[in-house]
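Colleague: only geometry, no sequence info:
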């Protein structure tokens, strides 16, 4: 281990203290040189090199005047020993972990900071991990190849068995990562307790010798511990636990809080590429998603430049991050370091006064991130919803029926086209022809592609981020949308949950691909791929006009899901949209599909009420001159803005009137007020908003038809009206009696 020259010079002023420090270093140095991170195989460097750099940085943070005049040998000793200990927990081996769980550190538990024993913490942890989300599991264990790889109950039981049998060979990579995550959370506490009780393993390495008393062990321990906790929470420990009282700021004239700040800042500044293992990352590979991110962050950061036009600023020089996730991770890291600078200056002011010489050299940190030329959007963009909740919502809402995925996509596409029609009309353009194509194509034997493309208005970056990817948020509820389109465009998007149905088309973990160019921002085409639980979504930017204005969405679907989709009925995947404009075309493996018609050609009556335009009719009945009447058993067909809501509504009856069955309804809802169920599979009220007007119009139609009937007696063939209305009158008021 290398002690920086200026610190070494101060340390050697006191031979006793110098000898003590060298004794501790010689005892613990083999642990760091071995650098065998038994539970942290994929972590960044925590060995000798890391300790050397932290010490060098700490020395560099101290102003020269302070180094020359005010830093004492015992302060340097505490700083060095705390640096040696601060990450010692990451070097925990199996024997040390068992010592922790077996209670061999309980005698040195710091009561004022730690309410629970290690055993209690461990049991709580084992209960917690059983409820980890899939994303948390992936962060810790890496992406699973099979379901058994993430069977957390099995992993926990295996770890417990290995501990009980004292057999470390029973631990595989998953078991080590489970234990490692526990140690990582509490490694700063372990550093403190090792200062008091030594590094217990197959052998025990004591911290110091008989010349290092309990008081100084506590001071070293709390400085080591402070790098992973709120510094202000150490004040009570110094006052009460150590019994320093009013002398807590400077025990034995040691600027203890200043040493905490030095270690804390020096540690967080270790962010450059030298901490990462390029060979591990690029050749061997890293399973843990969290560890992989850490390595990539460090490999992207070239160096920290302290020779800038601002003498109090550190400038971070980076290579261009490869994607948005890495960009944001580095951006957040720099923000965090700035927060640590601000916090440290505030703490030094609180403890030592604003005019004190006890300061650090730097106040600010900046980087060249914003000067990078990027081909992606440098923001964290993801589905704005709890991912586990989103997955749970899909089945209850849509019943795992893939045809609803088609409905939602077609619905969004027709809305987009209608909005563009309005824009084009306002601009005096009569050439625009709205078109949507929906296609299924075979890619390989077990894999198919589902693609929908529209030439609607497309999406801006704001719409992608804040509405398309935000479950529960609908752009069509915003003031901006209402100002331009409300009561002028009949749209279906309402609840902002339709994107969930898209994932019904693919299998578990399916990925969708989106490409869009907005009428509003014609200069940029945005493309991205994502899964429902992606933590980061990279959105690429293409500065060209090669992609037509509109949106294209593609998802790959397995053969069995494709067959289920194609065989779906009532309605079929091609039949959700019944309108003529925009035009929707369907293709199956290159062949155009003709949509089915739900009704024979017939006239419809129309009413307008409370913002709705409603066309209505009853199913026609086949009249062949015989008594064999053919009718549908369907209760009530409902469509809203040309999208089928239901073929067989549960709310088909009029109550307490002569006519008991409601007609088929074709509703135009320009204000988005129609009370639909969340999954849009039916109307959500028994009494329609326009029910009174509808009932009156039905009566008027019946009376008009009756007046037109011939008074001549008829033979076997009954007038059509008798068939037409026979099924809609209640049994008390049969139409034969009316006749």
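Modeller: Cool, the structure landed. What you are looking at is a predicted structure, and each value in this text was computed from that prediction instead of being measured.
Colleague: which element follows the helix or strand hosting residue 187 toward the C-terminus?
Modeller: With elements taken from DSSP states H and E, the one containing residue 187 is helix 173-197. Once helix 173-197 ends, the next helix or strand along the chain (criterion: DSSP H and E) is strand 199-200.
Colleague: and the nearest residue to residue 454 once chain neighbours are set aside, how many neighbours?
Modeller: Leaving aside its chain neighbours, residue 454 sits nearest to residue 413 (3.8 Å; criterion: C-beta to C-beta, 6 or more residues apart in numbering). (C-beta placed from N, C-alpha, C; glycine too.) Residue 413 is flanked by 27 other residues according to other C-beta atoms under 10 Å.
Colleague: return the backbone torsion pair for the spatially most central residue of the chain.
Modeller: Residue closest to the average C-alpha location in the chain (C-alpha atoms, centre = their mean): residue 535, at 4.2 Å. Dihedral pair for residue 535: phi -80, psi -30, per degrees, to the nearest 10.
Colleague: excluding sequence neighbours, find me the nearest residue to it.
Modeller: residue 382 (6.0 Å).
Colleague: mind listing what's buried in the helix or strand harbouring residue 220?
Modeller: In this structure, residue 220 sits in helix 214-226 according to DSSP H and E. For helix 214-226, a neighbour-count test (16 or more other C-beta atoms under 10 Å) marks 216, 217, 218, 219, 220, 221, 222, 223, 224, 225, 226 as buried.
Colleague: report how many residues lie close to residue 591.
Modeller: For residue 591, using other C-beta under 10 Å, the count is 8.
Colleague: the strands in the stretch 451-600 of the chain, which residues?
Modeller: With DSSP state E, counting those that start in this stretch, the ranges of strands along the stretch 451-600 of the chain come out as 512-517, 525-530, 540-542, 550-558, 583-588, 591-593.
Colleague: ok, back up a step: how near is the residue nearest to residue 454 to residue 458?
Modeller: In this view, residue 413 and residue 458 are 11 Å apart by C-beta to C-beta, to the nearest Å.
Colleague: count the residues that sit near residue 64.
Modeller: Quick note: residue 64 (other C-beta under 10 Å) scores 9 neighbours.
Colleague: need phi/psi at it.
Modeller: Torsion angles, degrees, to the nearest 10, at residue 64: phi -60, psi -40.
Colleague: the residue nearest to residue 535 contacts residue 532, correct?
Modeller: No - here residue 382 does not reach residue 532: they are 9.8 Å apart, not a contact under C-beta atoms under 8 Å.
Colleague: more crowded one of those two?
Modeller: Set residue 382 next to residue 532 and count neighbours by other C-beta under 10 Å: residue 532 wins out with 22 against 18.
Colleague: contact partners of stretch 178-185?
Modeller: Contact with stretch 178-185 is made by 39-40, 89-90, 92, 97, 121-122, 125, 129, 140-141, 155-156, 159, 171, 190, as judged by C-beta atoms under 8 Å, 6 or more residues apart in numbering.
Colleague: can you show me the helices along the stretch 551-700 of the chain?
Modeller: Taking DSSP state H, counting those that start in this stretch as the criterion, the stretch 551-700 of the chain carries its helices at 559-566, 691-708.
Colleague: out of those helices, which one sits most buried?
Modeller: Burial of the helices of the stretch 551-700 of the chain is given as mean neighbour count (mean count of other C-beta atoms under 10 Å); helix 559-566 ranks first at a mean of 16.
Colleague: would you say residue 362 is within a helix?
Modeller: No - assessed with DSSP: H, G, I helix; E, B strand; the rest coil, residue 362 is coil; it does not lie in a helix.
Colleague: was I right to think it contacts residue 306?
Modeller: Yes - the criterion here is C-beta under 8 Å, and residue 362 meets it with residue 306 at 7.5 Å.
Colleague: which of those two has more residues huddled nearby?
Modeller: residue 362 (21 against 13).
Colleague: in contact with the more buried one, which residues?
Modeller: Per C-beta under 8 Å, 6+ apart, neighbours of residue 362: 61, 306, 312, 313, 314, 341.
Colleague: pLDDT, secondary structure and distance to residue 232 added to those residues, as a markdown table?
Modeller: Below are the contacts of residue 362 laid out as a markdown table (pLDDT from 0 to 100; DSSP: H, G, I helix; E, B strand; the rest coil; distance: C-beta to C-beta, whole Å):
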| residue | pLDDT | secondary structure | distance to residue 232 |
| --- | --- | --- | --- |
| 61 | 95 | helix | 20 |
| 306 | 91 | coil | 28 |
| 312 | 94 | coil | 24 |
| 313 | 95 | strand | 26 |
| 314 | 94 | strand | 24 |
| 341 | 95 | helix | 16 |
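Colleague: just the buried subset of those residues, please.
Modeller: Neighbour-count burial (16+ other C-beta under 10 Å) applied to those gives 61, 314, 341.
Colleague: where in the stretch 551-700 of the chain is pLDDT low?
Modeller: Residues of the stretch 551-700 of the chain that meet the criterion pLDDT under 70 lie in 599-602, 620-634, 656-657.
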